[in-house]
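Visitor: Sharing a model prediction with you, sequence too.
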Amino acid sequence: MQSLRSECKGFKCPKGFDERKPCCCRRLLYNQPDFVNVESRLETMCKARGYQVVFLPKFHCELNFIEQCWGAAKRKYRLNPTSSTEADLERNVVSALDSIPLTQMRKFATRASRFMDAYRKGLNGRQAAWAGKKYRGHRVLPNSILDELNAAGLVEQPISSAVAT
């Protein structure tokens, strides 16, 4: 039997995992049904308390309104006096999370939706932020957004035309 290394360097396993020919023990174990189908500790604890855990894909915070809510709650949390007792810390966390009103959560969701729409229309991050500020009251950006970006001087010159000039 071939000996397997414990894990690939830097946890970077090669693409195209083949169960018949595993690259390392870590990858082999992580793909076993007994490990794949087990709830995380977080899920188990939350379910026991009657909460549902929803895992979202990893995106930049501008595309995930929950991250924006979390950022606002952290800002509120930092305004509390420092403490070292667990009861105070827990009370401060709950208070900070409860201080984010539903209307602000909806605004964060609309902002995230606007960024997603901007990226779908081919805008980069700087252009998406500009368009989001200009169309603050809108859920989606107009189809003429690229023309407006060009008029505002925010459209980058293509590499081929930049080289020619």
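Guide: That came in fine, so what should we check first?
Visitor: drop to CA atoms for contacts and neighbour counts, all remaining ones
Guide: Will do.
Visitor: Excluding chain neighbours, give the residue nearest to residue 26 in space.
Guide: Using Cα to Cα, 6 or more residues apart in numbering and skipping the chain neighbours, the partner closest in space to residue 26 is residue 7 (5.3 Å).
Visitor: Was I right to think that neighbour contacts residue 29?
Guide: No. Counting by Cα atoms under 8 Å, residue 7 stays clear of residue 29, with 10.5 Å between them.
Visitor: tally of neighbours for residue 45?
Guide: Close neighbours of residue 45, defined as other Cα atoms under 10 Å, add up to 13.
Visitor: What about residue 144, how many residues nearby?
Guide: 8.
Visitor: helix/strand/coil for residue 136?
Guide: coil (DSSP: H, G, I helix; E, B strand; the rest coil).
Visitor: that's a strand at the residue nearest to residue 26, yeah?
Guide: No. Read with three-state DSSP, residue 7 is coil and lies in no strand.
Visitor: how close does it get to residue 35?
Guide: In this view, residue 7 and residue 35 are 16 Å apart by Cα to Cα, to the nearest Å.
Visitor: More neighbours: which of the two?
Guide: Taking neighbours as other Cα under 10 Å, residue 7 and residue 35 compare with residue 7 leading, 15 against 11.
Visitor: Brilliant, that's me finished.
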